[in-house]
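Participant: With the input below, show me the fold.
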Amino acid sequence: MNIKDNQIPDSQDHGKANLCPGHGMGGRHPTREGLGRLSGHDDPGMFGRMFPNLSPLDVPDHKLKALAEAMLDPEPDGDDRSNPTIPGGYTYFGQFVDHDITLDLSSLSDKKRDPLGLENFRTPALDLDNVYGLGPDGSPHLYARSPDDPRQRGPKLVVGRNINVDFGGITGEFHNDLPRSPEGMALIGDPRNDENLVVAQTQLAFIKFHNAVCDHLTSEGVPDAELFDRARRTVTHHYQWLVLHDWMERLCGEGTTDHILNEGRKYYRFKHTPYMPVEFSVAAYRIGHSMVRQRYSYNRVFPDTGFDFLFDFTGLSGGITGLLAPDPPTGPVPVSHLPSNWIIDWRRFYELDRPDGIAFNASKKIDALLARELHELPGGGGNLAERNLKRGVSLGLPSGQDVAREMGLTPLTGDQIASGPDGQVARDQGLHEATPLWYYLLKEAEVTHNGERLGPVGATIISEVFVGLVHGDHQSYLWQEGKDWKPFLPSKEPGRFTMADLLTFVNELNPLGD
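Facilitator: Here you go, the predicted structure:
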């Protein structure tokens with residue numbers, strides 16, 4: 001769910017390392033050539049196919065371009081475009097999760113020796129390595145010094161500070177930015193999480209969640225020597241449960257997780273080591289692009305701001321440049337750190353108590369229309385819809401109809417695909433009977449559930465992969481605690497844990513105040 005995936009490499013060198021990760025560009029990427037060397041589900045390495053026996057759908061570029069141009073949402077912020085079941089914060093939580101499971105920390109020499117990622121790679125897992133990096137020993141820059149002995153690293157993660165600017169009249173000292181280098185780059189486990197403000201503030205929330213869990217465990221008498229390991233395990237297990245039982249079930253339907261845990265996975269299979277299926281990473285999990293709104297109510301200073309501004313105040317994509325910025329600032333950007341007037345008000349993004357009159361950001365419905373901002377990516381990035389469609393064809397993805405039939409499901413009819421102005425273009429291009437998988441899954445959600453959640457093909461792919469990634473990690477709660485384990489940290493509903501509960505536990509829902 002890379003929100004501005006405007007730098008997808010086209011190289012066929014599967015072993016080429018990306019040393020400068022930009023939007024959605026961490027680690028290795030699959031190629032059709034590399035995937036062609038693999039077959040079946042016998043632990044294929046970094047990447048593989050859930051449906052290796054299905055034929056690829058080949059579509060000329062001009063047909064994909066025509067369809068992509070028709071996927072423009074003329075009014076992405078209208079009330080009838082809002083999804084009442086998925087708050088807007090989950091759009092960017094989904095991106096945070098994507099960066100967790102696609103982070104490849106293997107070395108450049110390993111990449112050259114093992115271009116397919118058959119042995120030398122980090123297993124895709126919901127393990128928060130985008131927060132913890134390689135741990136206190138391997139990534140010491142992520143960890144705060146011990147207050148008792150500054151020569152030693154303590155169990156907590158480093159938090160950055162904000163600067164105050166004139167606009168908005170915000171005063172006081174705030175620590176609500178990511179830690180940064182002297183040139184403004186975020187010092188975090190995955191630099192991609194500093195590409196837009198909401199995912200950056202989500203990363204910060206998880207950093208503060210770990211620190212709050214440390215305080216909670218200390219209050220319960222956990223010894224200092226055990227504190228980091230206990231805190232990391234507690235945070236990771238609650239996060240995994242949240243992904244499977246909160247985020248995934250919002251996308252796929254209530255009870256989906258328990259059904260798969262009880263009945264088993266049918267299509268996402270491996271012997272020992274999970275892999276990243278291209279049907280998931282290139283099609284199904286890109287549904288988040290459809291959930292992006294054009295405008296957001298961000299906080300009390302910026303109650304109605306454009307999506308583009310969320311990229312200006314970051315180190316990876318925008319104008320946070322550390323010591324390179326003028327002091328004092330001469331304009332909105334560049335700045336040395338995140339200005340305090342851009343600290344997020346989480347009550348506007350998740351189901352949290354908020355006074356009357358404060359706007360709430362629901363996600364946009366999951367359908368085949370994308371906000372204009374994603375059709376006009378900055379820096380010459382082009383049309384994201386077109387890039388997604390072309391990427392699916394270049395990697396040899398099958399049609400949505402073929403995947404549905406392989407699952408024993410009745411595919412959408414040609415008339416269902418052809419519904420709406422975008423669907424009419426799909427018909428005109430002959431894509432309503434054999435449809436690119438990404439577009440098919442968006443249309444499936446639109447037709448079967450009014451865009452409020454995924455249809456049966458999309459839900460099956462996403463739910464089986466998420467459950468499989470957690471089950472394939474022997475440090476996960478499924479192995480360490482059992483599938484009946486329940487979250488134990490304070491929450492609104494005992495035994496459950498949502499993003500709203502996590503943010504409430506961190507106790508910084510709206511640092512700027514009303």
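Participant: Could you look up the next helix or strand downstream of the helix or strand harbouring residue 466?
Facilitator: For residue 466, the enclosing helix or strand under DSSP states H and E is helix 456-471. Using DSSP H and E, the helix or strand that follows helix 456-471 towards the C-terminus is helix 477-480.
Participant: For that next one, could you pull out the residues that count as buried?
Facilitator: Buried positions in helix 477-480, judged by neighbour count with 16 or more other C-beta atoms under 10 Å: 477, 478. For the C-beta atoms, the positions are set from N, CA and C on the backbone; glycine is no exception.
Participant: Give me the contact list for that helix.
Facilitator: By C-beta atoms under 8 Å, 6 or more residues apart in numbering, the surrounding residues in contact with helix 477-480 are 233, 236, 237, 240, 241, 261, 470, 471, 473, 485.
Participant: Could I get the full set of strands for the stretch 201-350 of the chain?
Facilitator: Using DSSP state E, counting those that start in this stretch, the strands of the stretch 201-350 of the chain run over 276-277, 295-296, 305-306.
Participant: deepest of those, which one?
Facilitator: strand 276-277 (a mean of 26; mean count of other C-beta atoms under 10 Å).
Participant: Give me the packing partners of that one, helices and strands only.
Facilitator: Counting contacts by 3 or more C-beta pairs under 8 Å, 6 or more residues apart in numbering; DSSP states H and E, strand 276-277 is packed against strand 47-48.
Participant: And the strand it packs on, what does it pack against?
Facilitator: In this structure, strand 47-48 makes packing contacts with helix 32-36, strand 276-277, judged by 3+ C-beta pairs under 8 Å, 6+ apart.
Participant: same thing but at 6 Å, please
Facilitator: The helices and strands touching strand 47-48, judged by 3 or more C-beta pairs under 6 Å, 6 or more residues apart in numbering; DSSP states H and E, number zero.
Participant: May I have the strands that pair with that strand, each with its orientation?
Facilitator: Paired with strand 47-48 in the same sheet, following DSSP bridges, are strand 276-277 (parallel).
Participant: Centre of the chain to the helix or strand following the partner strand, how far?
Facilitator: Next along the chain after strand 276-277, taking DSSP H and E as the criterion, comes helix 278. Centroid displacement of helix 278 relative to its chain, using C-alpha atoms, centre = their mean, to the nearest Å, is 16 Å.
Participant: neighbouring contacts of helix 278?
Facilitator: Residues outside helix 278 that contact it (C-beta atoms under 6 Å, 6 or more residues apart in numbering): 30, 395.
Participant: how about 7 Å then?
Facilitator: With contact meaning C-beta atoms under 7 Å, 6 or more residues apart in numbering, helix 278 is reached by 30, 35, 47, 49, 395, 397.
Participant: swap in stretch 69-84?
Facilitator: By C-beta under 7 Å, 6+ apart, the list of residues contacting stretch 69-84 reads 293-295, 362-366, 368-372, 375, 385, 421-422, 425, 451-452.
Participant: Filter those residues down to just the ones in strands.
Facilitator: Taking DSSP state E, the ones among those that sit in strands are 295, 362, 363, 364.
Participant: Pull the contacting residues for residue 221.
Facilitator: Counting by C-beta under 7 Å, 6+ apart, residue 221 makes contact with nothing.
Participant: Please determine how far it is located from residue 238.
Facilitator: To residue 238, residue 221 is 20 Å away according to C-beta to C-beta, to the nearest Å.
Participant: Please apply the same query to residue 188.
Facilitator: In this structure, residue 188 and residue 238 are 20 Å apart, going by C-beta to C-beta.
Participant: Compare neighbour counts for the two and give me the winner.
Facilitator: Per other C-beta atoms under 10 Å, whichever of residue 188 and residue 238 has more neighbours is residue 188, with 28 against 21.
Participant: For the more buried one, give its distance to residue 240.
Facilitator: Separation of residue 188 from residue 240 (C-beta to C-beta) stands at 20 Å.
Participant: Turn the contacts of helix 278 into CSV, columns for pLDDT, distance to residue 460 and neighbour count.
Facilitator: CSV is the format used below for the contacts of helix 278 (pLDDT from 0 to 100; distance: C-beta to C-beta, whole Å; neighbours: other C-beta atoms under 10 Å):
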residue, pLDDT, distance to residue 460, neighbour count
30, 79, 21, 26
35, 73, 21, 22
47, 87, 19, 24
49, 93, 15, 23
395, 93, 20, 22
397, 97, 15, 27
